[in-house]
Structure formats: C-alpha cells, structure tokens
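Engineer: what's the 3D shape of this:
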Amino acid sequence: MIEIAAPDGDVEAWLSRPDDAADHPGVLLLIDAIGLRPEIERIADRIAAWGYVVLAPNLFYRTGTAAELAPTGDLTQPGERDAFFATVGPRMGGLTTENAERDIAAYLSALIGLDGVRPGSLGVTGYCLGARLAVRAAAIDPEHVAAVGGFHGGNIVTDAEDSPHLGLQRARAAFVFGHADNDGSMSPEAVAALGEALTAAGLEHTNEIFPGSPHGYVMSDTSMYDRTGAERQFAELQELFARTL
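Structural biologist: Model prediction:
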C-alpha cells in the first residue's frame, strides 16, 4: 500500500508489480463501490502477473480510509451484501462527476510517474462504478489511455448532460465491456446505446452482456460472484492489454 496525491488529500493505493526489475506498461484499476480491500488487491496482483504495473486507488478517500470503509460482515452470506450497500450513500455522494474527473487525472499522473512504469500507453480497467469512471479516464487523457476494460458497470449511459458515454468522442482507446445480465443499472437498451456511441466515435470495441453473470460477478468476496463470467473477464482483459499495450 502506498500513498499518492489527489486534489483533496492523500490517497491510499494498492500497487502491484511483476516479479522482475524491467519496466512495464501501467494499468489503473478503478474499484467498485465496496472499496479497496483484499479482493481488489488479488485482482491487481493477477493483472500485474501478466506484465503490468497496477495502481488501485481508494476512490472514496474523501469519506474515509480503506479500513474505515471496508465491510465488517461476510458479503458472501445471505443479506450481508444488501445490508452493506445500504450504507454506501455518503461515499457515493462525495464522488461527484467533477471530483471524479479531477481525481482520475491525478491517478493517471501518479501512475505515469511511478518507477518501473514504461513511458507510453496506459491501460484502465474498472468494475461497477469503476467501469463508468474508466470511460471517463479515456476521455480525460486520450494521449495515454490506449485500452479500457469495463465490467458489470452501471450507469455508463444516462440521460444526464455529463453521461460518461458522451465523452467517447474524445477517446482513442480500444474498449472491452462485459456487462452483467439483467442489470437494472445497465439495461440492454443502454448497452445498445453504448455500442452506438463507440461505433460513432470510431473506436475499436467489444460490448457484450455476459449471460448468467449478475452485477458484481467478478468479485469473489460477495454473493454475486460468477466464476464463468469472472474468468471470461480476465481472459478478455488480458487479450486487450496484450494487443494494445
């Protein structure tokens, strides 16, 4: 765990590196609403083993530390996940679009400045709310962000004037989206609208719903974990990064 600078304070961030002394491309991992915890560390470590320096910041640093915001119950047990999500309002409220965009720029800058990060293209991957922030990252820094993965993301397409998908015209990255099945926060109509926006922007992409994989399917520390969807996510993300970074 390291600390990096952000607009409104220092931020805890998990840093994972490959097991060698060479320089490697950087990857920014944007977490879900549950927070920075051992499950995120495991995901970051797995991506790092492919040959990347991975940085996963505590997106909710304005609200509390990673430890303060971590679940106290076992989210794999019946009712525990729902009970936990009933408490996340304050952290979500503090992550306005303005705050998120300023933070993302700082996270990308911090990643670029880390020892061992090869100059050039960066990857971004995001889960849940992190998926929509990953889309914003591609629009904020199109010079560096060359690859974006977004998995079980919510509200990537909305009617708001600042909907994340509207920034795709500024992006240059290749995208892989693995949407949750029957996800109220990302309906089939929203998935189709996202695909249209990606095509209109001329961006290389895949944009698919993973059958049978519920919202949160990547996270093995919750009751929503779906191994089939999670492993498909890792395979598609690894291929994207290998091809673009």
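
Engineer: Could you use CA atoms for every contact and neighbour count after this?
Structural biologist: Will do.

Engineer: Can you tell me which residue is spatially central in the protein?
Structural biologist: Gly126 (1.3 Å; Cα atoms, centre = their mean).

Engineer: Where does that one sit: helix, strand or coil?
Structural biologist: Under the three-state scheme (DSSP: H, G, I helix; E, B strand; the rest coil), Gly126 adopts strand.

Engineer: So which residues of this structure form helices?
Structural biologist: Along the chain, the segments classed as helices by DSSP state H run 38-48, 66-69, 80-85, 89-94, 97-113, 129-140, 188-200, 227-244.

Engineer: what comes up buried for the second one?
Structural biologist: Right, helix 66-69. By neighbour count on 16 or more other Cα atoms under 10 Å, the buried set for helix 66-69 is 66, 69.

Engineer: just checking, what packs against it?
Structural biologist: Contact here means 3 or more Cα pairs under 8 Å, 6 or more residues apart in numbering; DSSP states H and E; on that basis helix 66-69 packs against no helix or strand.

Engineer: what residues does it touch?
Structural biologist: Contact partners of helix 66-69, identified using Cα atoms under 8 Å, 6 or more residues apart in numbering, comprise 12, 34-37, 58.

Engineer: from these, which ones fall inside strands?
Structural biologist: Here DSSP state E is the test, and the contacts of helix 66-69 give Glu12 as lying in strands.

Engineer: most packed of the helices of the chain?
Structural biologist: helix 129-140 (a mean of 26; mean count of other Cα atoms under 10 Å).

Engineer: Point out the other helices and strands that it packs with.
Structural biologist: Looks like helix 129-140 contacts strand 24-30, helix 97-113, strand 117-127, strand 145-151 (3+ Cα pairs under 8 Å, 6+ apart).

Engineer: Of those, which is nearest Glu3?
Structural biologist: With Cα to Cα, the closest approach to Glu3 among these belongs to helix 97-113: 9.9 Å.

Engineer: Can you give the contact residues for that closest one?
Structural biologist: For helix 97-113, contacts defined as Cα under 8 Å, 6+ apart pick out 4-7, 26-28, 55, 57, 117-119, 133, 136-137, 140-141, 162.

Engineer: filter those to the buried ones?
Structural biologist: Using 16+ other Cα under 10 Å, the buried ones in those are 6, 26-28, 55, 57, 117-118, 133, 136-137, 140-141.

Engineer: wait, which of the residues you listed is closest to Leu194?
Structural biologist: For the buried ones among the contacts of helix 97-113, the nearest to Leu194 is Arg136 (13.3 Å; Cα to Cα).

Engineer: From Met92, how far out is the closest residue to the closest one other than its chain neighbours?
Structural biologist: Leaving aside its sequence neighbours, Arg136 sits nearest to Pro164 (Cα to Cα, 6 or more residues apart in numbering; 5.8 Å). Distance from Pro164 to Met92, counting by Cα to Cα, to the nearest Å: 16 Å.
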